[in-house]
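Visitor: Test case, fold it:
(one chain, ligands or ions: 1)
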Amino acid sequence: MISLRGLTKRYGARTAVDDLSLELRPGAVTGFLGPNGAGKSTTMRLVLGLDRPSAGTALIGGVPYHRISNPLRTVGALLDARAPHPGRSGRAHLTALARSNGIATRRVGEVLESVGMAGAASRRAGALSLGMSQRLGIAAALLGDPEVLMFDEPVNGLDPDGVRWVRGLMRSLAAEGRTVFVSSHLMSEMQLTADHLVVIGKGRLIADAPLAEVIGRSSLTAVLARTPHAGDLAGRLRAAGIAAERVAENEVVATGAPIERVGDLAYEAGIRLHGLRTREASLEQAYQELTENSVEYGATGAGA
Ligand SMILES: Nc1ncnc2c1ncn2[C@@H]1O[C@H](COP(=O)(O)OP(=O)(O)OP(=O)(O)O)[C@@H](O)[C@H]1O
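Guide: Residues are numbered from 1 along each chain as shown. This is a model prediction of the structure:
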């Protein structure tokens, strides 16, 4: 469990993380989304005690990182895949980490195997491709078999097989009851991986909700009704406070209401339906709506 309370980080006049309060629960993959510069990496660094908050707290299992006696066994993280010393082999890097954290060195072989790097373990870290570096970073995060895992852009540089592998890994770590917190800019991938989403913009919390709820709140998620009485139905729905529009002779699009409510209102009004279905927004669309006012470094002008 990770708990943030009023977490704030200022760099001079710039507020990178602004009063974030949330709880990340175990047994779920929580996706961490936000435009470039939103404060995702800074938040993760604060949780890991790599930076000091200007205000507020970040707790792991109820305690701040610096008070955890066995940090690697409690929380594993991939923040920067290029962090290992470039002259050291992957195996040497992991062995040094294991030794300095009281972890049995046989774990090194196990995690190298589990990330598909057993064959490349003796290569210098500096000679690894970005994708292989990501795998090594994931191996380091898994080394202490921790309950809490944080990954900053873990699929960066991975090929499609690697991306699918990371997705499966995140899902299985969560299924084992661990807390999995993962940032990404790949919305289609997040939609397949995350159970819950935390969205921030300019350091501030924009959304903290289950994936289905974030998608359900999008204006592009709608209920489509086919009926020979489209005008009537649209009127009834609007009278009940639901945004509804007749888009064709026999079709109504309603937004902001669950499909059951639209079906019930049609039934109560005695309006015959020939079809009723939900059209879901993609996470990409929902995300864009949520963050359109928070993009700091976006392109401007025509075509942006
Ligand atoms: N050490 C630092 N000194 C000054 N400003 C910093 C420092 N670290 C981060 N920032 C600023 O804080 C803000 C948040 O940066 P951060 O890297 O946390 O964002 P992010 O959401 O991870 O972005 P990205 O998606 O681009 O990785 C940015 O405006 C960044 O320039």
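Visitor: can you give me the strands in this structure?
Guide: Along the chain, counting by DSSP state E, strands occupy 2-11, 14-24, 28-33, 55-60, 75-78, 148-152, 179-183, 196-201, 204-210, 222-226, 243-248, 251-255, 275-279.
Visitor: I'd like those as TSV, with mean neighbour count, distance to the ligand and mean pLDDT appended.
Guide: The C-beta positions use only the backbone N, C-alpha and C, and glycine is treated the same way. Shown next, in TSV, are those (neighbours: other Cβ atoms under 10 Å; distance: least, Cβ to the nearest ligand atom, whole Å; pLDDT from 0 to 100):
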stretch	mean neighbour count	distance to the ligand	mean pLDDT
strand 2-11	18	3	97
strand 14-24	18	3	96
strand 28-33	24	8	98
strand 55-60	18	13	97
strand 75-78	24	13	95
strand 148-152	24	7	96
strand 179-183	25	7	97
strand 196-201	23	7	97
strand 204-210	17	12	97
strand 222-226	21	30	97
strand 243-248	16	33	96
strand 251-255	21	30	96
strand 275-279	12	30	96
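Visitor: Can you give me the distance of the most far-flung residue of the chain relative to its centre to the ligand?
Guide: Within the chain, residue 270 marks the point farthest from the mean C-alpha position, 43.4 Å out by Cα atoms, centre = their mean. To the ligand, residue 270 is 52 Å away according to Cβ to the nearest ligand atom, to the nearest Å.
Visitor: Likewise for residue 193?
Guide: Distance of residue 193 to the ligand, computed by Cβ to the nearest ligand atom: 17 Å.
Visitor: can you check residue 158 too?
Guide: Distance from residue 158 to the ligand, by Cβ to the nearest ligand atom: 17 Å.
Visitor: Could you do residue 54 as well?
Guide: Where the ligand is concerned, residue 54 sits at a distance of 12 Å (Cβ to the nearest ligand atom).
Visitor: With residue 86 instead?
Guide: For residue 86, the distance to the ligand - Cβ to the nearest ligand atom - is 22 Å.
Visitor: mind listing what the nearest residue to that residue once chain neighbours are set aside touches?
Guide: Nearest in space to residue 86, with sequence neighbours left out and distances taken as Cβ to Cβ, 6 or more residues apart in numbering, is residue 126 at 2.6 Å. Counting by Cβ atoms under 8 Å, 6 or more residues apart in numbering, residue 126 makes contact with 85, 86, 87.
Visitor: Nearest to residue 238, out of those: which one, please.
Guide: residue 86 (63.7 Å; Cβ to Cβ).
Visitor: correct me, but residue 200 touches residue 36?
Guide: No. If you go by Cβ atoms under 8 Å, residue 200 and residue 36 don't touch, sitting 11.8 Å apart.
Visitor: Touching both of the two, which residues are there?
Guide: Joint contacts of residue 200 and residue 36 (Cβ under 8 Å, 6+ apart) do not exist.
Visitor: Okay, and the beta partners of residue 224?
Guide: Judged by DSSP bridges, the bridge partners of residue 224 are residue 253, residue 277.
Visitor: Which members of the contacts of residue 126 occur in helices, if any?
Guide: Cross-referencing those against helices under DSSP state H gives no overlap.
Visitor: Name all residues that make contact with residue 163.
Guide: 155, 186, 189.
Visitor: Please read the previous query as pertaining to residue 101.
Guide: 70, 71, 72, 73, 143, 144.
Visitor: before we move on, what about residue 290?
Guide: Listed by Cβ under 8 Å, 6+ apart, the contact partners of residue 290 are 199, 201, 206, 207, 214.
Visitor: And residue 64, how far from the ligand?
Guide: 19 Å.
Visitor: Hmm, that residue is touching residue 53, no?
Guide: No. Look at residue 64 against residue 53 with Cβ under 8 Å: they stay out of range, at 9.5 Å.
Visitor: Contact partners for residue 90?
Guide: Residue 90 neighbours (Cβ under 8 Å, 6+ apart): 84, 112, 117, 120, 121, 122, 123, 125, 128, 136, 139.
Visitor: Having no further points to raise, I will conclude here.
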